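Novice: Quick one, what's the 3D model for this:
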Amino acid sequence: MGDFSIQLSTNLVNRLMDDPEKSKKKTRRTKPKVTREPQQPQPKINQKKVSDDLEPLKDSGARGWPIQPPVYIPVPPLSQPTNPDLDAIRSVHEESLKVVELLKKLEENMAQEVTQRAKELRDKEFKLPYQKPVPCLAQKDACVNCYKEHGKEDPLKCAGFVNSYANCTRRVRQQFADSDAAFQISRSSPKTVSQIMVRRRDACWEHCVLVDATKQKVRCNYCQREFSGGVYRMKFHLAQIKNKDIVPCTEVPTAVRDHILSILETPKKPKVDKAALANGQQISSSASGDFHPTHVSNGHNGSTSPSLLFLCPSPTSQEPVDDVQKQKQDLADKTVAVFFFHNSIPFSAARSIYYREMVDAVAECGGNYKAPSYEVLRSTLLEKVKSDIHDRYKKYRDEWKETGCTILCESWSDGHEDDNTYLFELLESVVLEVGVEDVVQIITDTSSSYIYAGRLLMGKYSSLFWSPCASYCINKMLEDIGKQEWVCIVLEEARTITNFIGSHGWTLSMMRKFAGGRELVRPKINRFVTNFLNLRSIVIQEDNIKHMFSHPEWVSSASSRRPEAQAVKSLLYVERFWQHAQEVVTIAEPLVKILRIVDGDMPAMGYIYKGIESAKIAIKTYYKGIEEKYMTIWDIIDRRWSMQLHSSLHAAAASLNPSIFYNPDFKIDLRMRNGFQETMLRMASIHDDKMEITKEHPVYVTAQGALGSDFAIMGRTLNAPGDWWAGYGYEIPTLQRYALRILSQPCSSHWCCWNWSTFESIHAKKHSRTEPEKFDDLVFVHCNLWLQSISQNRDAKCKPIVFDEIDVSSEWPTELESPAPILDDSLLDSLPLNVEVVSEL
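Specialist: Take a look at the predicted model:
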């Protein structure tokens, strides 16, 4: 510590100056000499204070003593008294600081260690210990570089690179499938091993991948669907054959489908005695060849495992047998083809389920089978098939007691279509034959004569409903929209594009190449739907169509110089066409969705009411609520819906559909409530049923009991309406019974759209015949067998319908189903026709 100094205060100096007398009396003393230490630098604050104190002394210097400068006298530092408690506290404080520093260092080290450990764990979790090189990387880079260079000008130059990359990925996928199968084989039982090894040699493995060997699960290479049951069921999938729950593949190429179909139609080879093979016995063939066993080691001391003993046939002995079998197969195929060609049988007949059943049945009989003769076909066998249909009809009648049925009436011009009384009597006779108590409704078209006959039936039978065909009315809505001037222009321009592309084979082939194999035209649907779907395809393929017409390959072709080609190309660059085309597609698609629902393979009675409302809302939303734009389309819909299509039965079905009734976003209007009341009053002819419905309906409205359980709430949208009532409506049995009858009915007569050329050709013949009853039997069998084939190809499981999830671009039932063939009645008499058709609808 530095020296202390003493400073004289200015107050003391002033006090001495104010008392001069006292200062006179005092004797002056000599100042002792004081040894001055070197002057220490003072803080600035002290110097300022001293200067301030000296200011008054300057003014009063004449009155007193002269001003003396401050005197600094060094003072030795005071010794600090020792305090043991304070020292102890200081030592503890210093130790605490050291501990804190040590803890900070430990914390930093632990944080670094935890961070490093987490990084190592993350690397171990997301990084394989050994990463194989990415396969086909060079081919992929070649494709990418090629498209970067030629993608905008000429992408076809990259076709070779694309094929190389595709072949490489196919080989790699097959290698992975083989390695996975080998791993599964090593864990399988001996029986499973032999089965898997045999199936790996099947030709179908080129088009699918083994996913799980133990469960025999395979995946299609085209649509990526997975099936259990092995490659056998995959063949039906690739051949586009509906078999139980197998869904036909929609992406399989035509060549692959035909190849797999030919494999399925090939008769199986006779089975070889497995016990003889396991014992190593020699099996001789027609060429006196032998089988040579191949021994496989099981990994224990090099011993041979009996379960892995595969017997390979000698090539010299097996080839002649295969050649003979192939020759027989070729001869059989050619014979069937000749039969088709000679009798003008359409090729679509080969897709009939009866064609496959016929071939399988003949193969089961072996070489001793003799085909039925002309007389047997027209007499005995016709009666047997008719009897089988009647037996099946009895089974359907038992089901109608619970679900009810619908009589579908398709029109055919025979001179009586305008006779109201005749139509009424004809429909009444069918109702009485089926049973009034089992008929829920009759569906016809909206011609005046059918409307009159339907009202007469409703007036005579109180429990019966007449309903117009929903498919017919919605088609009329689309027709009315298509008659709008601006819509008509757009559809005609789109037809110009599709006609030009479809009328030239080379142009069509090129369009398919640019569109990825997709078709612009949907020819198998009715005319109005086809127009809108074709326009929708053009809008979706806009970029591809423009690209094709500007591609050098097209520009340099002779087809591009045609006048119609120039007209089409100029149309593609008219902005007005694309704007109006998009508008037409948007306003028509909701109605096409409804048509897709009612023409589907499930009861749609509970969805038609909401479908119309959803379509109107979608159209209004597209026009952003501008009334001048959407009201024109609304008027077209309301005119057909209110005056023709709407029925109280539709309103009741919507009320009984839990996905609609319990949906908070759907508004149940007065028309819907009144329709439910009117329907219940007509159907419940017994007073006791009316009383029970009155008691049970509030339970349904408030979702009490089982209707409000967690499963019932989830099932409102997960189950079909009929299945929901069957599963959860047991506490209100009367309302449940009527709900099942209503929700089980169709809305459309689509499923009885006959090939009318059959009846026209028959009706036009005037030859004299002698067996009219045989003729009626033939028509009866023909029509009902066609209905039966549709029923067997349909998916028996009902699913809920979600309006927003309907895909109008998917295949329609009319595209999937073969049309009813033309009936050849050359073996029977062509006398007046009395058709009796039985359907399970």
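
Novice: Every contact and neighbour count from this point should use C-alpha atoms.
Specialist: Noted.

Novice: Count the neighbours of the nearest residue to residue 369 once chain neighbours are set aside for me.
Specialist: Excluding the flanking residues, the one nearest residue 369 by Cα to Cα, 6 or more residues apart in numbering is residue 362, at 6.8 Å. Each residue near residue 362 was counted by other Cα atoms under 10 Å, and the total is 14.

Novice: Let me know the pLDDT of residue 362.
Specialist: The confidence metric pLDDT takes the value 89 at residue 362.

Novice: element containing it, please.
Specialist: Taking DSSP states H and E as the definition, one finds residue 362 inside helix 353-365.

Novice: Also residue 442?
Specialist: Assessed by DSSP H and E, residue 442 sits inside strand 439-444.

Novice: buried ones in the helix or strand that comes right after that strand?
Specialist: Counting by DSSP H and E, the next helix or strand C-terminal to strand 439-444 is helix 448-460. Taking 16 or more other Cα atoms under 10 Å as the neighbour-count basis, helix 448-460 is seen to contain the buried residues 449, 450, 451, 453, 454, 455, 456, 457, 458.

Novice: ditto for stretch 544-564
Specialist: Quick answer for stretch 544-564 (16+ other Cα under 10 Å): 544, 545, 547, 548, 549, 551, 554, 560.

Novice: repeat for stretch 665-682
Specialist: Counting neighbours by 16+ other Cα under 10 Å, stretch 665-682 gives 668, 672, 675, 676, 679, 680, 681, 682 as buried.

Novice: so when I look at the third one, I'm seeing a helix, right?
Specialist: Translated: residue 675. Yes - membership of residue 675 in a helix is supported by DSSP: H, G, I helix; E, B strand; the rest coil.

Novice: got the contact list for it?
Specialist: 647, 648, 649, 650, 651, 652 (Cα atoms under 8 Å, 6 or more residues apart in numbering).

Novice: Given the strand holding residue 442, what are its sheet partners and their directions?
Specialist: The strands beside strand 439-444 in its sheet (DSSP bridges) come out as strand 405-408 (parallel), strand 465-468 (parallel).

Novice: Output stretch 735-754 as CSV - backbone C-alpha positions only.
Specialist: Included here for stretch 735-754 are C-alpha records, laid out as CSV according to Å, rounded to 0.1, in the frame of the first residue of the first chain:
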residue,chain,number,x,y,z
LEU,A,735,-86.9,-49.7,-39.0
GLN,A,736,-83.9,-52.0,-39.7
ARG,A,737,-85.9,-54.3,-41.9
TYR,A,738,-87.3,-51.4,-44.0
ALA,A,739,-83.9,-49.7,-44.2
LEU,A,740,-82.3,-52.9,-45.6
ARG,A,741,-85.0,-53.2,-48.2
ILE,A,742,-84.6,-49.6,-49.3
LEU,A,743,-80.8,-49.4,-49.3
SER,A,744,-80.4,-52.7,-51.2
GLN,A,745,-82.0,-51.3,-54.4
PRO,A,746,-80.2,-50.0,-57.5
CYS,A,747,-81.0,-46.6,-59.2
SER,A,748,-80.3,-47.6,-62.8
SER,A,749,-81.3,-50.2,-65.3
HIS,A,750,-77.7,-50.3,-66.7
TRP,A,751,-77.2,-54.0,-65.9
CYS,A,752,-80.0,-55.0,-68.3
CYS,A,753,-78.7,-53.1,-71.4
TRP,A,754,-79.1,-55.8,-73.9
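
Novice: Show me what counts as buried in that stretch.
Specialist: By neighbour count with 16+ other Cα under 10 Å, stretch 735-754 contains the buried residues 735-752, 754.

Novice: Out of these, name the ones that lie in helices.
Specialist: 735, 736, 737, 738, 739, 740, 741, 742, 743 (DSSP state H).

Novice: Just name the closest of the residues you listed to residue 420, please.
Specialist: residue 742 (27.6 Å; Cα to Cα).

Novice: ok, that closest one touching residue 603?
Specialist: No - contact status for residue 742 versus residue 603: not in contact, 9.7 Å apart, counting by Cα atoms under 8 Å.

Novice: hmm, back to that, which other helices and strands does the helix holding residue 362 contact?
Specialist: If contacts are counted by 3 or more Cα pairs under 8 Å, 6 or more residues apart in numbering; DSSP states H and E, helix 353-365 sits against no helix or strand.

Novice: what's downstream of it, the next helix or strand?
Specialist: In N-to-C order, the element after helix 353-365 by DSSP H and E is helix 374-376.

Novice: Flag every buried residue along that following helix.
Specialist: Burial within helix 374-376, assessed by neighbour count using 16+ other Cα under 10 Å, is assigned to no residue.

Novice: pLDDT averaged over the helix or strand just after it, what's the number?
Specialist: Using DSSP H and E, the helix or strand that follows helix 374-376 towards the C-terminus is helix 382-403. For helix 382-403, the mean per-residue pLDDT is 87.

Novice: Also stretch 744-752?
Specialist: For stretch 744-752, mean pLDDT rounds to 78.

Novice: burial measure for residue 649, as a count.
Specialist: Counted with other Cα under 10 Å, residue 649 comes out at 26.

Novice: nope, residue 487 is what I meant
Specialist: A count of neighbours around residue 487, defined by other Cα under 10 Å, yields 17.

Novice: who touches it in this structure?
Specialist: Remark: with contacts taken as Cα under 8 Å, 6+ apart, residue 487 is in contact with 481, 580, 584.

Novice: Next, check those against the helices and list the overlap.
Specialist: Taking DSSP H as the definition of helices, these contribute 481, 580, 584.

Novice: Mind putting these into JSON lines with neighbour count?
Specialist: Shown next, in JSON lines, are the ones in helices among the contacts of residue 487 (neighbours: other Cα atoms under 10 Å):
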{"residue": "481", "neighbour count": "21"}
{"residue": "580", "neighbour count": "16"}
{"residue": "584", "neighbour count": "21"}
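
Novice: ok so residue 810 is a strand residue?
Specialist: No - assessed by three-state DSSP, residue 810 does not belong to a strand; its assignment is coil.

Novice: Put together CSV for the strands paired with strand 439-444, with mean neighbour count on each row.
Specialist: Formatted as CSV, the entries for those read as follows, by neighbours: other Cα under 10 Å:
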stretch, mean neighbour count
strand 405-408, 25
strand 465-468, 24
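
Novice: Redo the ones you listed as TSV? Include distance to residue 706.
Specialist: TSV is the format used below for those (distance: least, Cα to Cα, whole Å):
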stretch	distance to residue 706
strand 405-408	28
strand 465-468	31
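
Novice: what does stretch 440-447 contact?
Specialist: Applying Cα under 8 Å, 6+ apart, the set of residues contacting stretch 440-447 from outside is 404-411, 450-451, 454, 463-469, 472-473, 644, 741-742, 745, 747-749.
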